[in-house]
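# task: produce atomic coordinates for the following.
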Amino acid sequence: MPPMPRFSQPTTPRPVPFGSVPVAPPAPASAPTAPPVAPPAAAPEPRKTGPLRPVNPFLVQDPKQKARRLARALISDMLVYHPEKRQQGIRDGTLPLLFKDEIEKSWLEYVEQVGRDMADTTPFWNEALNEILAGGKKLF
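From the prediction side, this is the model:
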């Protein structure tokens, strides 16, 4: 007896639940589609002449501001990790000596991140040392 040919079973549409919207089946792959239409070009907005709003300093890409922030962050980290050492150094007048190793290590990190030229030609590092570590005194 010869084998019977296979035919696919006709499918019956499923009932759609109440309140749902039936979705149209996808278009066949061979159906031509229209190219997307670009929206009309908008006219440029006029430049505002009022006061400028303040800029978030963490979003600024100015290398000098980045260097100043980095110097202050590195020096502030010293205080976080060594508060008693700072108090002792201010009390005894030995702050530069007590923080010698931490200052050297942070200086190398600072130079690596901002570059030798920026580190050598700006006062940001010494300003941060004096303002933050020395509490406003000119020790560095």
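
# now name the helix or strand holding the nearest residue to residue 102 once chain neighbours are set aside.
The shortest distance from residue 102 to any non-neighbouring residue, by CB to CB, 6 or more residues apart in numbering, is to residue 78 (5.1 Å). Every residue, glycine included, has its C-beta placed from N, CA and C. Element membership of residue 78 [criterion: DSSP states H and E] is helix 63-81.

# now do that helix, average pLDDT.
Predicted confidence along helix 63-81 averages 95 (mean pLDDT).

# C-alpha coordinates for the following helix or strand past it, CSV please?
Moving toward the C-terminus from helix 63-81, the next helix or strand (DSSP H and E) is helix 83-92. The C-alpha coordinates for helix 83-92 follow below in CSV (Å, rounded to 0.1, in the frame of the first residue of the first chain):
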residue,chain,number,x,y,z
PRO,A,83,41.7,62.2,61.2
GLU,A,84,43.7,61.6,64.4
LYS,A,85,47.0,62.0,62.6
ARG,A,86,45.9,65.4,61.2
GLN,A,87,44.9,66.6,64.7
GLN,A,88,48.2,65.5,66.1
GLY,A,89,50.1,67.2,63.2
ILE,A,90,48.3,70.5,63.6
ARG,A,91,48.7,70.3,67.4
ASP,A,92,52.4,69.5,67.3
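
# start at 678 instead
Sounds good: first residue 678 from here, last item helix 760-769.

# which helices and strands sit right next to helix 760-769?
Helices and strands in packing contact with helix 760-769 are listed as helix 772-775; criterion 3 or more CB pairs under 8 Å, 6 or more residues apart in numbering; DSSP states H and E.

# output the contacting helices and strands for the helix it packs on.
Identification of packing neighbours for helix 772-775 by 3+ CB pairs under 8 Å, 6+ apart yields helix 760-769.

# hey, what's the angle from the helix it packs on to helix 740-758? Just curious.
Compare the direction of helix 760-769 with that of helix 740-758 by axes from the mean of the first three to the mean of the last three CA atoms, to 10 degrees and you get 90 degrees.
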